[in-house]
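Q: I need the structure of the sequence given here:
(2 chains)
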Amino acid sequence: DAKTTQPPSMDCAEGRAANLPCNHSTISGNEYVYWYRQIHSQGPQYIIHGLKNNETNEMASLIITEDRKSSTLILPHATLRDTAVYYCIVRVRGSGNTGKLIFGQGTTLQVKP
Amino acid sequence: DAGITQSPRHKVTETGTPVTLRCHQTENHRYMYWYRQDPGHGLRLIHYSYGVKDTDKGEVSDGYSVSRSKTEDFLLTLESATSSQTSVYFCAISESEGGSQPQHFGDGTRLSIL
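A: Numbers count the residues shown, from 1 in each chain, chains lettered A, B, ... in the order given. Model prediction:
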């Protein structure tokens, strides 16, 4: 699976959009981009994933550049409860692998009042 | 939230004792995973299962065994616990192993071995 690079930390004002970047310059055509977050002492929570197109769900939006070498997770109206470590992960699309998720260091997002 | 229950949530035990952690799911997903999370290492895969009685090793499987006799239950056993196995253990489930389906995680078991 391709390696990802994220800033170690970011701040965001409550009520504003939080934009979390991720670089995955070695991503292959059959690899998905996934985002998870982990709030202290809880299990990782799935947020969103995408292959080529931008995606939106009730939690967030995922913007993937046309060359697929980077992406941005957008939390449209951040709240204090969005304070967490956010992980960007790429996963191979096909079967035949262990399905292992490789979590890097992630970005610690601090939402401030 | 995905229907995943891990038990116990917390456990303290002594070196050399056997320990079994349970992961129970109500989603009827085929794939189940056990990870451990330690400071400086992130989450690491211990074992995974791709069906009833079908299991395989992950990257840190030494000292651990697993069993899956029913779709809904995946057990992780430490036959003789060591202090190096003090960790937070997470179970995850997925409909498929491929990248098109997400893994969903339980709330974890915090295990301390003294």
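Q: residue boundaries of the strands in chain B?
A: Along chain B, the segments classed as strands by DSSP state E run B:4-7, B:10-13, B:19-25, B:31-38, B:42-51, B:54-57, B:64-70, B:73-78, B:87-94, B:104-105, B:109-113.
Q: which elements pack onto the worst-scoring helix or strand of chain A on mean pLDDT?
A: When the helices and strands of chain A are scored by mean pLDDT, DSSP states H and E, strand A:84-92 comes last with a mean of 89. Applying 3 or more C-beta pairs under 8 Å, 6 or more residues apart in numbering or on different chains; DSSP states H and E, we find strand A:84-92 packed against strand A:18-23, strand A:31-38, strand A:70-75, strand A:107-112. Yep, even glycine has a C-beta here, placed from its N, CA and C like the rest.
Q: adding mean neighbour count, distance to chain B and mean pLDDT, write these out as TSV.
A: Converted to TSV, the helices and strands packed on strand A:84-92 look like this (neighbours: other C-beta atoms under 10 Å in any protein chain shown; distance: least, C-beta to the nearest C-beta, whole Å; pLDDT from 0 to 100):
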stretch	mean neighbour count	distance to chain B	mean pLDDT
strand A:18-23	20	15	97
strand A:31-38	23	4	93
strand A:70-75	20	14	97
strand A:107-112	17	13	97
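Q: for residue B:29, which of these is the nearest?
A: Closest of the helices and strands packed on strand A:84-92 to residue B:29 is strand A:31-38, at 16.8 Å (criterion: C-beta to C-beta).
Q: relative to residue B:58, which of the helices and strands packed on strand A:84-92 is closest?
A: Nearest to residue B:58 among these is strand A:31-38; the distance by C-beta to C-beta comes to 17.7 Å.
Q: so which elements touch the closest one?
A: Packed against strand A:31-38 by the contact rule (3+ C-beta pairs under 8 Å, 6+ apart) you find strand A:18-23, strand A:45-50, strand A:61-64, strand A:84-92.
Q: give me the angle between it and strand A:84-92.
A: Angle, strand A:31-38 to strand A:84-92, by axes from the mean of the first three to the mean of the last three C-alpha atoms, to 10 degrees: 160 degrees.
Q: may I see the strands of chain B arranged in a markdown table, with mean pLDDT, mean neighbour count and distance to residue A:78 as well?
A: A markdown table is the format used below for the strands of chain B (pLDDT from 0 to 100; neighbours: other C-beta atoms under 10 Å in any protein chain shown; distance: least, C-beta to C-beta, whole Å):
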| stretch | mean pLDDT | mean neighbour count | distance to residue A:78 |
| --- | --- | --- | --- |
| strand B:4-7 | 97 | 18 | 27 |
| strand B:10-13 | 97 | 13 | 31 |
| strand B:19-25 | 98 | 19 | 31 |
| strand B:31-38 | 94 | 23 | 25 |
| strand B:42-51 | 90 | 20 | 24 |
| strand B:54-57 | 92 | 14 | 40 |
| strand B:64-70 | 97 | 16 | 38 |
| strand B:73-78 | 98 | 19 | 35 |
| strand B:87-94 | 96 | 24 | 25 |
| strand B:104-105 | 96 | 24 | 22 |
| strand B:109-113 | 97 | 18 | 28 |
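Q: excluding covalently adjacent residues, which one is nearest to residue 16?
A: Chain wasn't specified; assuming chain A. Among residues not flanking residue A:16 along the chain, residue A:78 sits closest, at 6.1 Å (C-beta to C-beta, 6 or more residues apart in numbering or on different chains).
Q: please refer instead to chain B.
A: Closest to residue B:16 by C-beta to C-beta, 6+ apart is residue B:80, at 5.4 Å.
Q: now swap in residue B:5 and tell me
A: Nearest non-adjacent residue to residue B:5, counting by C-beta to C-beta, 6+ apart: residue B:24, 4.6 Å away.
Q: cool, thanks, signing off.
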